[in-house]
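Colleague: need the 3D shape of this:
(chains A and B)
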Amino acid sequence: MHQEYTIIEGDFVNAGKASSSVKKTLKQLNVSPQIIKRVVVALYEAEVNAIAHAYGGKVLVDIDSDKINMVVADKGPGIPDIALAMQEGYSTARPEVRDMGFGAGMGLPNMQKNVDKLNVTSEVGVGTTVEMMVNFA
Amino acid sequence: MFVHALEIEESSCIGCSRCMKICPTEAIRIRHGVASIQEHRCIDCGKCHEACPVNAIYVKEDDFHDIHAYPHSVALIPAVFLGQFPDEISVTRIYSALKDLGFRHVFEVETTAGIFADAKNQYAREHPDIRPLISSFCPAIVRLIQIRYPSLVENIIPVKTPLDLSAMYIIEEMKNRGVPREEIGVFYVTPCAAKIAAVKAPVGEKRSIIDGVINMDSLYNRVYKKIKEQGKNYVLKQGQTIRLSSDAILSTLTNGERRLCLAKRSYAIDGIQNVMDFLDKLENDEVEGVEFLELRACDQGCAGALLSYDNRFLCGERMYGRARKAAERERNGEVPRDREVDRYRDYLLDNAFVDAVQPRSMLVLDKDRTKAFQKMERINKLKNFLPQIDCGLCGAPTCESFAGDVVINRVGLSGCIFYQRWLERKNDITRQECLAAMNAVWGSDRMGVPPDKE
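Modeller: Numbering: from 1, shown residues only, chains lettered A, B, ... in the order given. As a prediction, the model looks like this:
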């Protein structure tokens, strides 16, 4: 099952639309609440990241009976040093983003913590792609 | 399987579908011209009861005359019951009328409101890892969380509500005075349907200790009639009126619990839709640092309850009036009589906790995930085919819920009027078949006599 959502730069109002919809689907599939929570938290972080840092992008979700694949691909500044960005507390968020309660430097580490597989690829000046996978069992 | 207090009287139901449209959990369908409730989705909130124009949805209660079977019959009334009566009828007068109606004792549920608050605070101290904690007070909310927010059931504090705590106190106190249990009949006067369902099928407990349930609106009629019959020269019955603390009086109104909880950050949210909006955010981890949630299905808390006779704001203000008087007495050093319950504090706190609340999700399409997945794909395809205008003519509240009914309950797709037209265009359906499909939902002879042509 394939779902797609569009991300618009700076549109924090609609942050969480993709994760909410995925949550509803997973509940119907009888996925355990603990796993749903991990999926939703990771996807929400990725959505917020793309909204805060990039110039728009897409969320692609593929669900089958035993796992979920999520891809958040953005057009944006890219991440020069992925290893550094994976460290808790490291943030390049602008002050106005931090004022909204986002950008604490917990995004990527939080995704890492909640998914079974995380793959971040990025090209400076082009964009970032975050691929995440969570097994249901 | 699920016990509900709301029932539909089919002979009165006109199949108008107002209840179907308003139900927050999409639990109602129209079949053969009458509404029916899907039991696994119903949370007994009573929205349908409010929306029904012909009073076809009723709240089951026990026979009032059952009270005479017990030498020690007890009316366990909620404080909002007293808030129903006009100012000139005093609390003592209402207590007295209840005794004239045959109750030997009258107690207020909120007698144990303080102990309920203590039990919740104790649980919060013992479980610092569980946050936010959600009050178990409103049974419609507990059921809502069970069916829609299964990941939050472990946040519900598994503590008995003042209703059960007060019944335990009354029974224990009487037993200590030598009254045998079988002579005590505790009758709860309920402001809502969800409380009845909670008594008849308690969550986290085997059975309730309440012996019977009487609806607040029907008891209001009896009491008011009695008071009118007795007239002005009536001599009050002897006996104590329970003097609740101001905190206890206000505990069932919105913010009533929140005021007493020892949490840094808490919210009091009333109204089913408001609660659902908040829980959706909470479930996504979008709200941080919340320690306690007071969630109520009814606007203004129990003053807005289903079986409340008077306007929720008028009732609420009367309760505030009573609470202000109680607060003044407290400032003058008078100890509220509900403190007598303190002698039973340890006993009640030792027995206050119940088993953890279990989820029973209504959303799961099939226990087998592969089958659930197949059903979901079929539902999604169907949903995208349907017109998405939620007209309700198929007898389901939304196109999405209808798609689910077709896949899961094998309801005929031709119930959709747009699908009928689509088939007609291809000459795949006869006029008779269209009519039959419509009658299956709305019953036959829905139309009256056509008006004369001018």
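Colleague: contacting residues for residue 118?
Modeller: No chain specified, so I'll use chain A. Under the criterion of CB atoms under 8 Å, 6 or more residues apart in numbering or on different chains, the contact list for residue A:118 reads A:111-112, A:130-132. Where C-beta positions appear, they are placed from N, C-alpha and C, glycine not excepted.
Colleague: actually, chain B is the one I wanted.
Modeller: For residue B:118, the residues meeting the contact criterion (CB under 8 Å, 6+ apart) are B:345, B:349.
Colleague: about what we covered before: for the contacts of residue A:118, which one is nearest residue B:266?
Modeller: Set against residue B:266, the nearest of the contacts of residue A:118 by CB to CB is residue A:111 (29.9 Å).
Colleague: in terms of helices and strands, where is the closest one?
Modeller: Under the criterion DSSP states H and E, the helix or strand holding residue A:111 is helix A:107-114.
Colleague: and the angle for the helix or strand that comes right after that helix with helix A:107-114?
Modeller: Using DSSP H and E, the next helix or strand after helix A:107-114 towards the C-terminus is strand A:117-123. In this structure, strand A:117-123 runs at an angle of 150 degrees to helix A:107-114, with axes from the mean of the first three to the mean of the last three CA atoms, to 10 degrees as the basis.
Colleague: list the buried residues of strand A:117-123.
Modeller: The neighbour-count check on strand A:117-123 (16 or more other CB atoms under 10 Å in any protein chain shown) flags A:118, A:120, A:122 as buried.
Colleague: same question for stretch B:41-59.
Modeller: Of the residues in stretch B:41-59, those buried under the neighbour-count criterion (16+ other CB under 10 Å) are B:41-49, B:51-52, B:56-59.
Colleague: okay, how far is it across that stretch, tip to tip?
Modeller: Taking CA to CA, to the nearest Å, stretch B:41-59 runs 17 Å from one end to the other.
Colleague: could you check the pLDDT of residue 8?
Modeller: No chain was given, so I picked chain A. The pLDDT attached to residue A:8 in the predicted structure is 90.
Colleague: hmm, I had chain B in mind actually
Modeller: Value for residue B:8, per-residue pLDDT: 95.
Colleague: surely it and residue B:56 touch.
Modeller: Yes. Counting by CB atoms under 8 Å, a contact exists between residue B:8 and residue B:56, whose distance comes to 5.8 Å.
Colleague: give the intersection of the neighbour lists for those two.
Modeller: Common neighbours of residue B:8 and residue B:56, counting by CB under 8 Å, 6+ apart, are residue B:35.
Colleague: roughly how far does the residue nearest to residue B:392 when sequence neighbours are not counted sit from residue B:414?
Modeller: The spatially closest residue to residue B:392, leaving aside those adjacent along the chain, is residue B:17, at 5.6 Å (CB to CB, 6 or more residues apart in numbering or on different chains). Here residue B:17 is placed at a distance of 19 Å from residue B:414 (CB to CB, to the nearest Å).
Colleague: and residue A:62, by the same measure?
Modeller: Using CB to CB, residue A:62 is found at 33 Å from residue B:414.
Colleague: now do residue B:103
Modeller: Residue B:103 sits 56 Å away from residue B:414 when distances are taken as CB to CB.
Colleague: neighbour count: the two, which is higher?
Modeller: The residue with the greater number of neighbours, taking residue B:103 and residue B:414 and applying other CB atoms under 10 Å in any protein chain shown, is residue B:103; the counts read 24 against 20.
Colleague: how about the nearest residue to the residue in chain A that chain B sits nearest to, chain neighbours excluded?
Modeller: Closest to chain B within chain A is residue A:33: 3.3 Å, counting by CB to the nearest CB. The spatial neighbour of residue A:33 that comes closest, neighbours along the chain excluded (CB to CB, 6+ apart), is residue B:151 at 3.3 Å.
Colleague: burial of that neighbour, as a residue count?
Modeller: Burial measure for residue B:151: 21 neighbouring residues, criterion other CB under 10 Å.
Colleague: surely it touches residue A:38?
Modeller: No. In this structure residue B:151 lies outside contact range of residue A:38 using CB under 8 Å: 10.7 Å.
Colleague: next, the residue nearest the centre of chain A: secondary structure please.
Modeller: Here the mean C-alpha position of chain A is nearest to the C-alpha of residue A:46 (CA atoms, centre = their mean), at a distance of 1.7 Å. Secondary structure of residue A:46, reduced to three states by DSSP: H, G, I helix; E, B strand; the rest coil: helix.
Colleague: distance of it relative to residue A:72?
Modeller: Distance of residue A:46 to residue A:72, computed by CB to CB: 4 Å.
Colleague: now do the contacts for residue B:376.
Modeller: With the criterion set at CB under 8 Å, 6+ apart, residue B:376 makes contact with A:1, A:25, A:28-29, B:365.
Colleague: which one among those gets closest to residue B:191?
Modeller: Relative to residue B:191, the closest of the contacts of residue B:376 is residue A:28; by CB to CB it sits at 34.2 Å.
Colleague: quick one: contacts for that closest one?
Modeller: The contact partners of residue A:28, by CB under 8 Å, 6+ apart, come to B:363-365, B:372, B:376.
Colleague: now residue B:411, what's its secondary structure?
Modeller: The three-state label given to residue B:411 by three-state DSSP is coil.
Colleague: touching, it and residue B:401? I think so.
Modeller: No. With contact defined as CB under 8 Å, residue B:411 and residue B:401 do not form a contacting pair (10.4 Å).
Colleague: what about the spatially closest residue to residue B:284 that is not a sequence neighbour, how many neighbours?
Modeller: For residue B:284, ignoring the flanking residues on the chain, the nearest one in space by CB to CB, 6+ apart is residue A:40 at 5.3 Å. Taking other CB under 10 Å as the neighbour definition, residue A:40 ends up with a count of 23.
Colleague: would you mark the buried spots in the helix or strand that contains residue A:40?
Modeller: When secondary structure is defined by DSSP H and E, residue A:40 falls within helix A:33-53. Residues A:33, A:35-53 are the ones in helix A:33-53 that count as buried (16+ other CB under 10 Å).
Colleague: any stretches of chain A with poor pLDDT?
Modeller: Low-confidence segments of chain A (pLDDT under 70): A:101, A:103-106.
Colleague: any idea which residue of it is furthest from its center?
Modeller: Note on chain A: the largest separation between a C-alpha and the mean C-alpha position, by CA atoms, centre = their mean, falls on residue A:30 (22.6 Å).
Colleague: distance between stretch B:384-401 and the chain's centre?
Modeller: Stretch B:384-401 sits 28 Å away from the centroid of its parent chain (CA atoms, centre = their mean, to the nearest Å).
Colleague: may I have the distance across it, first residue to last?
Modeller: End-to-end for stretch B:384-401, by CA to CA: 12 Å.
Colleague: give me the buried stretch members for that stretch, please.
Modeller: If you call a residue buried by 16+ other CB under 10 Å, then stretch B:384-401 has these buried ones: B:386, B:390, B:392-401.
Colleague: and the furthest pair within the residues you listed?
Modeller: B:393 and B:400 (14.9 Å).
Colleague: what parts of the stretch 51-200 of chain B come near chain A?
Modeller: Residues of the stretch 51-200 of chain B lying near chain A by CB under 8 Å from any CB of the partner chain: B:150-151.
Colleague: the stretch 51-200 of chain B: strands as residue ranges?
Modeller: Counting by DSSP state E, counting those that start in this stretch, the stretch 51-200 of chain B has strands at residues B:57-59, B:72-77, B:105-108, B:133-134, B:184-190.
Colleague: and the contacts of the fourth one?
Modeller: Strand B:133-134 is contacted by residues B:120, B:123-124, B:127, B:141, B:145, B:152, B:155-157, B:263, B:291-293, B:295 when judged by CB under 8 Å, 6+ apart.
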